[in-house]
Structures are given as structure tokens and as C-alpha cells.
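Asks: Give me coordinates for this.
(one chain, ligands or ions: 2)
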Amino acid sequence: MSPKRIVLKFGSGILTRKDAPEPDPVQLRKLVEAVALLRRAGHSVVVVSSGAVASGLKPLEFKQRPTDVTTLQALAAVGQTHLMHAYESLLRDHGLHVAQLLVTHEDFENEDRAPRVKAVLDRLIEFTQVVPVINENDSVAIEELRYGDNDKLSSRVARFWGADVLILLTSAPGLLRDMKKPEEGPIPVVADVDEVIHHAEEEKSALGTGGMISKLRAVQDAVHGGVECIIASGRHAEQIPSLIDGHGICTRFPAAARS
Ligand SMILES: Nc1ncnc2c1ncn2[C@@H]1O[C@H](COP(=O)(O)OP(=O)(O)O)[C@@H](O)[C@H]1O
Ligand SMILES: N[C@@H](CCC(=O)OP(=O)(O)O)C(=O)O
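Replies: Ligands and ions are numbered 1, 2, ... in the order given. Predicted coordinates for the structure are as follows:
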């Protein structure tokens, strides 16, 4: 299989324990293993990782996610360092290093800044031992914390970087037709997001901020930019390499032709 440019988005809901609002080291280890496998297979991988706010809850002794923006920003400032520490030590076991990029939407929209971000991303990828991990600069980016746009951010990164595939790893196995009937499994392939958006409900995981509607909008944007998208469960990180090969339980959104 030819090497691909892959963006993996890890949502807050899959980086944290199911029973407590704190990072789950086992889960993080499995996700990092999947990244290392893809790297070893010759693919270029960029991770867009949520989890800054969630990672700040325990050190600052919060039992649940607060709602006021300034406290969320404070949590993100503390949590982001914990998150990066975890990535650095887990990636080191695979001979890899984490490269942290904290960005705001403006970094992609401003015509002077955007080429710099792309240049540094391309340069980082040339180092085969480096895995760029991107998050919104939450401590100053209010809009991110209010709207939970890491889905949108990952879609922007994927388009901007010219990724072949964007995988949104989340707490659901893909897009379900009916959330009350998870046994039916996710819709396997979606050609037109507009035709399935009504399946997305407002409900989301305890620590997630985006939700399924945000994911589908992000997917729509990426697909139109020529990026194949996949929504899959991040609780089954072992299937990530096979998702790239066209298998696995997920919802696939084939790329539209690049214009
Ligand atoms: N049709 C649907 N199929 C699957 N999940 C859905 C659907 N509609 C809403 N959801 C919700 O979307 C959630 C995933 O979004 P979110 O909690 O924001 O995750 P993340 O933290 O990974 O971004 C699921 O846990 C589920 O509650
Ligand atoms: N940048 C925030 C992201 C919050 C967010 O977007 O969460 P998610 O809905 O899990 O993608 C953080 O790191 O906490």
C-alpha cells in the first residue's frame, strides 16, 4: 500500500476514563501504539488531540467539567502540559517524539500565517521520528472552548495539509441511524452528508464538546476538499491500521474529487 498522509483526531471522550473525568493512560497507550504502527508502515501521521480541559480536571481537583470560559481556559493551560507529557513518554517507547502545535483558526485563515504553519508541519513530517500533535490554543481561543471545534480544526488541518484520510476517533462506532439501536452498527458508507445529518442527535459524551453534528459538518468540509473521512470508535484503537486499508467498523465518507 502506498504511503498516505493521515490525520487522526482523538476526541476528549476517548482519552478519558469511562468512569471518571480524568485521562485514561491505557487508552492513550493504545492510541499511541496505533500511531507508531502507521508510522512504521511508512505513513505520515498528524494527530489532532483534544483532552486539554479533561486533563486539567484532576490536577485542579474538579469532579466535572465547569462551564465558565475562564475556568475552562485555566484547566486547558494546566491540562495541555499533562497531556503532552503523556504523549512524549508513550511515544518515546516507540522511539518517537511529540511535536506540540497549538493553533487558532486564524493561523489557517490569515494569508501570512497559514503558509508558515504548513511549512513547519511539512518540515516536522520529514523527521520520521516526530509525531505532530495539534490542539487549539485553548487558553486564548475562546471560540474553541465555546463551540468545541476540534472536529472542525482537524478538518481544516486535513484539507490544508493535503491529507488523504481524516479519521475522527470518538466514543461512537460511527454514525448510527438510531442511537437507541447501536446493535445495528454504524452506516457503512455515506456519499452525501446532507442526506444523513438528520441521524445526528444533540447528545454527546460527558467531556466532548463537538458532538456528532459538529463531526458531520467537519466531514462535509473535508470531503469537499478531497479528503476521505472516517468516523470510528477510538475505544478500538487496534482497528486503526485496518481502517486505512478499507476494513473495520466505521462510517466512511469517500472524498470528492479535488478541485
Ligand atoms: N447518530 C449518532 N450516531 C453516533 N453518535 C451520535 C449520534 N448522534 C449523536 N451522537 C453522539 O455523539 C457523540 C460523539 O461526539 P462527542 O461526544 O463530541 O465526541 P468527541 O469527544 O470524540 O468529539 C457520541 O458519544 C454520541 O453521544
Ligand atoms: N481543545 C479542547 C477540545 C475540546 C473538544 O473539542 O473536545 P472534543 O469534542 O472531544 O473534540 C481540549 O483540548 O480540551
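Asks: Identify each buried residue in the stretch of helix or strand V53 belongs to, please.
Replies: Element membership for V53, per DSSP states H and E: helix 52-57. Buried residues in helix 52-57, counted by 16 or more other CB atoms under 10 Å: 52-57. Heads up, the C-betas are built off the backbone N, CA and C, glycines and all.
Asks: can you put the residues you listed in CSV and add pLDDT and distance to ligand 2?
Replies: Listed next are the buried residues of helix 52-57 as CSV, based on pLDDT from 0 to 100; distance: CB to the nearest ligand atom, whole Å:
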residue, pLDDT, distance to ligand 2
A52, 94, 3
V53, 93, 4
A54, 92, 6
S55, 94, 8
G56, 95, 8
L57, 94, 10
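Asks: Now flag whichever of these is closest to V223.
Replies: Closest approach to V223 among the buried residues of helix 52-57 (CB to CB): A52, at 27.3 Å.
Asks: wait, isn't that closest one in contact with A74?
Replies: No - between A52 and A74 there is no contact under CB atoms under 8 Å: 10.8 Å.
Asks: how about the buried residues of helix 52-57 in a markdown table, adding distance to R65?
Replies: Compiled in a markdown table, the buried residues of helix 52-57 are given as follows (distance: CB to CB, whole Å):
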| residue | distance to R65 |
| --- | --- |
| A52 | 12 |
| V53 | 7 |
| A54 | 7 |
| S55 | 12 |
| G56 | 10 |
| L57 | 7 |
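Asks: Do a quick rundown of the strands in the stretch 101-250 of the chain.
Replies: 130-136, 165-170, 228-233 (DSSP state E, counting those that start in this stretch).
Asks: JSON lines for those strands, including mean neighbour count, mean pLDDT and distance to S154?
Replies: Converted to JSON lines, those look like this (neighbours: other CB atoms under 10 Å; pLDDT from 0 to 100; distance: least, CB to CB, whole Å):
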{"stretch": "strand 130-136", "mean neighbour count": "23", "mean pLDDT": "96", "distance to S154": "8"}
{"stretch": "strand 165-170", "mean neighbour count": "28", "mean pLDDT": "97", "distance to S154": "6"}
{"stretch": "strand 228-233", "mean neighbour count": "24", "mean pLDDT": "98", "distance to S154": "10"}
